[in-house]
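1. Just the structure for this:
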Amino acid sequence: MKRINKTYCCLRKELHTSDCQSHHRLCRDTTNGVKTEDVEEISGHGLKGKVEGKNVLAGNIKLLKKYSISYPSDLETIVDTIVVVAVNNQYTGYITIADEIKEDAVQAIKDMHDLKIKR
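-> Sure thing, here's the model as predicted:
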């Protein structure tokens, strides 16, 4: 499976431009000079809007399902957090988001085991 079947730069522009005009938690970046309009947050799913005249969806897989957009089935097996993107009702690609493991994580897990804490 290709991680992104469109150039990363273009995908990044579409994703971040949409995010930055909402209060969505993914908004961490800006892209200057790109015309964005009608951006709407869809609770529990992601965002939809227009970027330079193209209809863009950015969010989770539920967003693609909501709009009946087909995507590679192996996306369902990815364990990292992913943000999928569709442009003009076509699946375009995805970006993974992962936290770095903290230095004290091993000790924290050991401490929980010592306290008999289970899932």
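
2. Run the chain-centre distance for stretch 88-100.
-> Centre-to-centre, stretch 88-100 and its host chain are 5 Å apart (Cα atoms, centre = their mean, to the nearest Å).

3. any idea of the mean pLDDT for that stretch?
-> When pLDDT is averaged over stretch 88-100, the result is 88.

4. Kindly report the same for stretch 43-61.
-> 89.

5. what's the first-to-last distance across it?
-> Taking Cα to Cα, to the nearest Å, stretch 43-61 runs 13 Å from one end to the other.

6. what comes up buried for it?
-> Residues 45-49, 51, 56-61 are the ones in stretch 43-61 that count as buried (16 or more other Cβ atoms under 10 Å). Every C-beta, even on glycine, is put in place using the N, C-alpha and C of the backbone.

7. do the same with stretch 83-98
-> 83-87, 91-95.

8. which SS state does the residue nearest to the spatial centre of the chain fall under?
-> Centroid check for the chain by Cα atoms, centre = their mean gives V83 as the closest residue, at 1.7 Å. Secondary structure, DSSP: H, G, I helix; E, B strand; the rest coil: V83 is strand.

9. Excluding chain neighbours, what is closest to it?
-> Leaving aside its sequence neighbours, V83 sits nearest to I95 (Cβ to Cβ, 6 or more residues apart in numbering; 5.0 Å).

10. Could you check how far the one you found is from E37?
-> Distance of I95 to E37, computed by Cβ to Cβ, to the nearest Å: 23 Å.

11. again with L64
-> Distance from L64 to E37, by Cβ to Cβ: 22 Å.

12. Check D80 too.
-> In terms of Cβ to Cβ, D80 sits 31 Å off from E37.

13. Same check on G53?
-> 9 Å.

14. Also Y71?
-> Applying Cβ to Cβ, the value for Y71 to E37 is 25 Å.

15. who's more crowded, those two?
-> Set Y71 next to E37 and count neighbours by other Cβ atoms under 10 Å: Y71 wins out with 17 against 10.

16. Are we agreed that that one is in a helix?
-> No. Assessed with three-state DSSP, Y71 is coil; it does not lie in a helix.
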